[in-house]
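Novice: Just the structure for this:
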Amino acid sequence: MSKLSLAGSASSGGAKLLLLSIGTLFVLFIYTLLLAEQFNWLLAVAYIASFMGIFIAWAKLAEPKYSIDCDELGVHYHHRAGSWLLPWQAFSYSAVPSISGEDLAFIGFKVTDYDAVLAKLPLRLAVKIMTEQRPIFLEAIKQSCSIGQCATELLREKDHFTTSKQHYDGVKAIFAQRMQRITAACGFELLVPVNAEPATVRKWCQDINRLRLQQLHPDDN
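Specialist: Predicted coordinates:
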């Protein structure tokens, strides 16, 4: 089958920012040694900005080159904290999710088999995803509370979750409950952040859906 790789937005621009920050720091160092009469607050701010630029650039370069890889196994999501695999038969389609009519900067996956995701989900990655997607989770809670009095109850997440095949405890159980809350708000259990034009993101979703159909129904192609 043909493969599809989507570049991770978090890693873009890392090399350029690193070179710019190091170059700025070098110029500041030379200026301080040869020209500056005294070390003032403007120089201090410039040094801090340069070091922050280096740190941000390093963080960007540490991110995976591709955020999504599609192969014969399914859809792989790559994150600095790990990766998950969504087999082709474990979801029905992908699309751009929306809340209250506003498109989100994500690719959404309509999951039909929770066990396929949870069984091999790294705990560290699960925690990172839940942290990064907390604003969407809170919006889901808000939508579930039509009278504004049930948020406290909904925020109490149980540390156990059971599917028709498996029982989960701890982080995976909470992650599964988040999947349910998020799909109630936007229609999708798994979300992958993207930074691209809406038309480009919709094209990516179409390509993923096409590859899924090719893999599950090869005789139809």
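Novice: Domain-wise, how is the protein divided?
Specialist: Each domain of the chain is listed here as a residue range: 8-62, 69-220, per automatic domain parsing.
Novice: Now render the ones you listed as TSV, adding mean pLDDT.
Specialist: Converted to TSV, the domains of the chain look like this (pLDDT from 0 to 100):
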stretch	mean pLDDT
domain 8-62	74
domain 69-220	88
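Novice: Mean neighbour count for those - can I get that in JSON lines?
Specialist: C-betas here are computed from N, CA, C, even on glycine. Listed next are the domains of the chain as JSON lines, based on neighbours: other C-beta atoms under 10 Å:
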{"stretch": "domain 8-62", "mean neighbour count": "13"}
{"stretch": "domain 69-220", "mean neighbour count": "16"}
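Novice: now the closest residue to Gln133 other than its chain neighbours, what's its secondary structure?
Specialist: Ranked by C-beta to C-beta, 6 or more residues apart in numbering and with sequence neighbours excluded, the top spatial neighbour of Gln133 is Leu191, at 6.3 Å. Under DSSP: H, G, I helix; E, B strand; the rest coil, Leu191 falls in the strand class.
Novice: Going along the chain, name the strands of the chain.
Specialist: 4-7, 66-70, 74-79, 82-87, 91-95, 98-99, 102-103, 106-111, 160-162, 167-169, 190-193 (DSSP state E).
Novice: do you know which of those strands lies nearest Cys205?
Specialist: strand 91-95 (4.7 Å; C-beta to C-beta).
Novice: Partner strands of the closest one, with direction?
Specialist: Strand 91-95 has the following strand partners under DSSP bridges: strand 106-111 (antiparallel).
Novice: List the residues that contact the residue nearest to Asp169 when sequence neighbours are not counted.
Specialist: Leaving aside its sequence neighbours, Asp169 sits nearest to His160 (C-beta to C-beta, 6+ apart; 5.4 Å). His160 sits next to His167, Tyr168, Asp169, Ala173 when contact means C-beta atoms under 8 Å, 6 or more residues apart in numbering.
Novice: so which two of the residues you listed are the farthest from each other?
Specialist: Most distant of those, by C-beta to C-beta, are His167 and Ala173, 8.5 Å apart.
Novice: okay, and the common contacts of these two?
Specialist: What both His167 and Ala173 touch, as defined by C-beta under 8 Å, 6+ apart, is the set His160, Phe161.
Novice: Would you mind checking which of the contacts of His160 is nearest to Thr131?
Specialist: Distances from Thr131 to the contacts of His160, taken by C-beta to C-beta, are shortest for Ala173, at 16.6 Å.
Novice: For that closest one, give its distance to Gln166.
Specialist: From Ala173 over to Gln166 the distance is 11 Å, taken as C-beta to C-beta, to the nearest Å.
Novice: I'd like to know the phi and psi angles of the residue sitting furthest away from the middle of the chain, please.
Specialist: Distance from the centre of the chain peaks at Glu37, with 47.5 Å (C-alpha atoms, centre = their mean). Per-residue torsions, Glu37: phi -80, psi -30 (degrees, to the nearest 10).
Novice: How much space separates it from Val45?
Specialist: Taken as C-beta to C-beta, the span from Glu37 to Val45 is 17 Å.
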